[in-house]
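Colleague: structure for this input, please:
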Amino acid sequence: MVALAANSDVLEIDSSYAQLTGDFGGGVPLAAGVFYKGAIVCWDSADQRIKPAITGTTLTAMGRCEEFVALGSTVTSIRVRSGIFGYTMGTAGDALVQADVGALVYLIDDQTVAKVSTGRSIAGRLYKVVGSTAFVRINPLT
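Modeller: The predicted model follows:
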């Protein structure tokens with residue numbers, strides 16, 4: 001969580017510029033933790049709850065968190081939007097290029113996607129690459 005907290009200011013920036021399309025949804029979150037606005041949110045089949053993306057194999061990417069939420073006893077749902085969103089891509093062997101468009105990409109954390117699948121859940125399909133940003137179509141139904 002330390003790495004995510006250090007980058008919270010990046011995720012708190014109004015991320016509407018990085019959206020190309022999408023629909024709203026939501027779900028019951030874990031009992032504790034922080035969801036940053038703009039972060040990738042997943043359904044965890046092991047916990048039967050939604051959580052910020054992490055490296056793991058039991059996650060289904062749902063979309064982008066639409067609000068900052070520090071979970072407490074009064075939070076019962078998190079707003080999530082599916083669509084095409086821009087995220088940081090991994091480096092070295094996890095870097096993505098325009099030739100990868102259409103390929104599946106994988107979750108490293110709630111703000112980073114990767115090319116390599118080993119030990120990771122699917123984030124979505126690569127839509128396009130602009131500089132160090134990978135635009136990914138995240139939709140749990142496809």
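Colleague: which residue lies nearest the spatial centre of this protein?
Modeller: With distances taken as C-alpha atoms, centre = their mean, residue 40 lies nearest the centre of the chain, 1.8 Å away.
Colleague: my guess is it contacts residue 83. True?
Modeller: No: counting by C-beta atoms under 8 Å, residue 40 sits too far from residue 83 to count as a contact (11.7 Å). C-beta: built from backbone N, CA, C; applies to glycine.
Colleague: what touches both of these two?
Modeller: 63, 64, 138 (C-beta atoms under 8 Å, 6 or more residues apart in numbering).
Colleague: for this protein, which segments count as strands?
Modeller: Taking DSSP state E as the criterion, the chain contains strands spanning 19-27, 34-35, 40-44, 49-52, 59-65, 69-70, 78-89, 104-109, 112-114, 122-130, 133-138.
Colleague: from the middle of its chain, how far away would the third one be?
Modeller: Its chain's C-alpha centre lies 7 Å from the corresponding centre of strand 40-44 when counted by C-alpha atoms, centre = their mean, to the nearest Å.
Colleague: give me the residues contacting it.
Modeller: 27, 35, 49-54, 56, 58-65, 78, 80, 85, 87, 107, 110-111, 113, 121, 123, 138, 140.
Colleague: who's the nearest residue to residue 130 once chain neighbours are set aside bridged to?
Modeller: Using C-beta to C-beta, 6 or more residues apart in numbering and skipping the chain neighbours, the partner closest in space to residue 130 is residue 86 (7.2 Å). Residues in a beta bridge with residue 86, per DSSP bridges, are residue 135.
Colleague: show me the shaky parts of this protein.
Modeller: Counting by pLDDT under 70, the chain contains low-confidence residues at 1-28, 31, 72-73, 142.
Colleague: try 80 this time
Modeller: 1-33, 71-77, 141-142 (pLDDT under 80).
Colleague: can you verify my assumption that residue 69 contacts residue 76?
Modeller: No: the pair residue 69 / residue 76 is not scored as a contact, 10.7 Å apart, by C-beta under 8 Å.
Colleague: picking that back up, of the contacts of strand 40-44, grab the buried ones for PyMOL.
Modeller: PyMOL command restricting these to the buried ones, with burial defined by 16 or more other C-beta atoms under 10 Å:
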select buried, resi 27+35+49+50+51+52+53+54+59+61+62+63+64+65+78+80+85+87+107+110+111+113+121+123+138+140
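Colleague: that concludes my questions; thank you for your assistance.
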